[in-house]
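Visitor: requesting a structural model of the entry that follows:
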Amino acid sequence: MVSPGPGSDPLFNPDVALAGATPPAGLFRCRRWRFDRGEPVAQAWLRCRIAPAERGGGVLSVAGEGQRPDGTIYPDTDARAVFLGTWTYPGERRPMIYGRDARRDVPGLVERIGPARWRMVLPYSGFGAVLDVVEIVGDDAASTG
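Guide: Numbers count the residues shown, from 1 in each chain. As a prediction, this is how the structure comes out:
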């Protein structure tokens, strides 16, 4: 378990949001931080991909066998993008369409917090979590840290 230090990392600082909220298409590494009633817990880094979406933004898909958020990132403002996705479960080959099952829907916000680094904030994302924060970093940056 890795615990974040309060205010020491822009990932957990709500006042940090830089221009360029929508990540570009490409390969990334993602790590989900789950906040529930105890200490926040970081999951292992997973490979993720953002593909171009038809109307701008991108389609996020996370590789792995665990429960993971997959969906579309829509541009909103320069400092914020909107994520509409669903939880994909182990063994499922592709994500469910947002809006088909409210228990699996997971809306959120995406913000850029550094060079090649974004956070996706998923409030009350279900399954006992008060908050999930998905850290998204350029594939090169994640492999060194």
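Visitor: separation between residue 76 and residue 110?
Guide: The spacing between residue 76 and residue 110, counted by C-beta to C-beta, to the nearest Å, is 9 Å. (Glycine included, C-beta is placed from N, CA and C.)
Visitor: which one of these two is surrounded by more residues?
Guide: residue 110 (25 against 14; other C-beta atoms under 10 Å).
Visitor: how about that one, phi and psi?
Guide: With angles defined as degrees, to the nearest 10, residue 110 sits at phi -120, psi 130.
Visitor: for the nearest residue to it once chain neighbours are set aside, identify the helix or strand it belongs to.
Guide: Nearest residue to residue 110 in three dimensions, chain neighbours excluded: residue 81, at 4.1 Å (C-beta to C-beta, 6 or more residues apart in numbering). Assessed by DSSP states H and E, residue 81 sits inside strand 80-88.
Visitor: buried ones in that strand?
Guide: Neighbour counts over strand 80-88 (16 or more other C-beta atoms under 10 Å) mark 81-83, 85-88 as buried.
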